[in-house]
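[1] attaching a predicted model along with its sequence, questions to come.
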Amino acid sequence: MSGSGQAVEAFDLVIFGGTGDLALRKLLPALWHRYADGQIRDGSRILALGREAIDETTYRQRVRAALDRNAVVAADALARERFLALVEYHALDATDVAGWRDLAARLAAAPPRVRVFYLATSAELYVPICERLRELELTAGEVRVVLEKPLGSDLASATAINTAVGRAFAERQTFRIDHYLGKETVQNLIALRFGNALFEPLWRAEHIDHVQITVAETVGVEGRAGYYANAGALRDMVQNHLLQLLCMVAMEPPPALDADAIRDEKLKVLRALAPIDATNAGRLTVRGQYRAGATSGGPVPGYLEESGRGDAGTETFVALRAEVQNWRWAGVPFYLRTGKRLAERVSEIVVAFRAIPHSIFGAAAGPIAPNKLVLRLQPDEGVKLWLMLKHPGPGGLRLRRVPLDMSFAEAFGVRHPDAYERLLLDVVRGNPTLFMRRDEVEAAWRWIDPILAAWEASGEPPKPYTAGTWGPSAAVALIERDGRTWHDD
Ligand code: BG6
């Protein structure tokens, strides 16, 4: 079990999209884990909404099955049944007028308490849902709304959604979730940078050669073909998760650990990103789409066959070279890559330091590799600092590259809570630090839009890559052109 935190007061959580993949695979298991850990009190209500006309017993049966599949904490049968007793189901088509008044009545049945509306639906429904909630006067008081990413599909649609949601909920009530910010290693990046005197003086262009951010998955598009065909990897992963990671690496030290201080600094990074548009996208970006191949689980079909509804123009892989144009980072490339059906599931941030200025060792000592700090988000969360040390024993001074290796699981001996566990309780507590502010989301789209436009204008399809590899060879060329390589230890 993870280290337990303080229990929160009983609350109501309403999940739009309650029968969907996110709710069953992530949200309900996360809630169960927090319940099992004593942080969610009996008397709280988890009200799942869905279009299907099913009864509560059938829904709970689905949740039970989902917990069997997705929960890490072994089920204590009694506790699990108590948890399931918190789960209710209410049939509601968000686009229809029926069912809303009953929902309002159901909510009014509980004493005043924190109420959270979690919009685990496609972004097109955010506006109609928020409008209905406002009409029914369900938005005032200790009420919060959670919006899943991607918020819109470009700057214009994101702005329209933000404006419409803003008519129903104040910014302080609005929690735009990016679950990567809830990952343990991302929090640890803040601890490492600002809780140690060691790194911060080196954290700049004078000492850092480049940064790599990789989020590689082995899964394909799974059951989300319709969504993914319109999104693609740039909207699905880069606009949010990868840019947020980049911000956490590149931001200036905030004056305090409060929500606005951190988000102000991240915003400055987004605004300092050098534009990528039709003039340079060909050189600075690579997009790919997987063809049939094999992963460790055996042969897999290509994107178009797998998804059935896929689009030849949808990228399932992106690599790009970004730059943050400010004093700290001038000239330091940030290489980002993400893709589905890659060789391995690994997410990590690599901070590559510059080479030593002068070697006192002869050729016999062997090559001297520059230091690297590797923050592993998953699997096996941890930190490795690659150093040059002496090979043990006699035989002259030969140097070897070795890691100072810290696995969080081994060091702390705890299960790391899934990002959603932390984030859901942060919403209940009303702490928006790990959520994206409106201006951040819009700044990220402002940078992404010209890349999308450049790809569209080029008319070039994504480059094919074989499933189970590291993406198109052009992604290797992107970094090797600069005399660097993707990290692979
Ligand atoms: C989601 C994307 O936000 O993140 C998915 O929509 C992706 O396409 C997922 O698979 C990856 O999350 P994690 O936590 O498994 O790395």
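    Yep, it's here.
[2] show me which helix or strand of this protein is least confident by mean pLDDT.
    Sorted by mean pLDDT, DSSP states H and E, the helices and strands of the chain end with helix 408-412, the least confident at a mean of 75.
[3] show residues contacting that helix.
    Identification of contacts with helix 408-412 by C-beta atoms under 8 Å, 6 or more residues apart in numbering yields 184-185, 188, 380-383, 415-416. All C-beta spots, glycine's among them, are computed from the backbone N, C-alpha and C.
[4] just how off-centre is it within its chain?
    In terms of C-alpha atoms, centre = their mean, to the nearest Å, the gap separating the centre of helix 408-412 from the centre of its chain is 22 Å.
[5] what does stretch 326-345 give?
    On the basis of C-alpha atoms, centre = their mean, the separation between the geometric centre of stretch 326-345 and that of its chain is 15 Å.
[6] equivalent analysis for stretch 209-219, please.
    Per C-alpha atoms, centre = their mean, the displacement of stretch 209-219 from the mean C-alpha position of its chain is 13 Å.
[7] likewise for stretch 97-107?
    Distance, centroid of stretch 97-107 to centroid of chain: 33 Å (C-alpha atoms, centre = their mean).
[8] how about the residues of the stretch 101-250 of the chain near the ligand?
    Proximity of the stretch 101-250 of the chain to the ligand, by C-beta under 6 Å from any ligand atom, involves residues 179, 217, 236.
[9] looks like the last one contacts Asp178 (just checking).
    No. Contact criterion C-beta atoms under 8 Å: Asp236 and Asp178 do not qualify, at 11.8 Å.
[10] closest point of this structure to the ligand, which residue?
    When C-beta to the nearest ligand atom is the measure, the chain has its nearest residue to the ligand at Asp236, with 4.7 Å between them.
[11] tell me the SS of that residue?
    Classification of Asp236 by DSSP: H, G, I helix; E, B strand; the rest coil places it in helix.
[12] now the one 3 residues further on
    Under three-state DSSP, the three-state class of Gln239 is helix.
[13] can you lay out the contacts of helix 408-412 as a markdown table showing neighbour count, pLDDT and secondary structure?
    Converted to a markdown table, the contacts of helix 408-412 look like this (neighbours: other C-beta atoms under 10 Å; pLDDT from 0 to 100; DSSP: H, G, I helix; E, B strand; the rest coil):
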| residue | neighbour count | pLDDT | secondary structure |
| --- | --- | --- | --- |
| Glu184 | 21 | 87 | helix |
| Thr185 | 23 | 87 | helix |
| Asn188 | 19 | 89 | helix |
| Asp380 | 11 | 84 | coil |
| Glu381 | 21 | 88 | coil |
| Gly382 | 21 | 91 | strand |
| Val383 | 21 | 93 | strand |
| Arg415 | 14 | 70 | coil |
| His416 | 18 | 75 | coil |
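[14] tell me the buried residues in the helix or strand hosting Leu107?
    Of the helices and strands defined by DSSP states H and E, Leu107 is found in helix 100-108. Of the residues in helix 100-108, those scored as buried under the neighbour-count criterion (16 or more other C-beta atoms under 10 Å) are 100, 103-104, 107.
[15] turn these into TSV, columns for pLDDT.
    Output for these, formatted as TSV (pLDDT from 0 to 100):
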residue	pLDDT
Trp100	93
Leu103	93
Ala104	94
Leu107	93
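[16] wait, which of those residues is closest to Glu135?
    Ranking these by separation from Glu135, with C-beta to C-beta as the measure, puts Trp100 on top at 8.3 Å.
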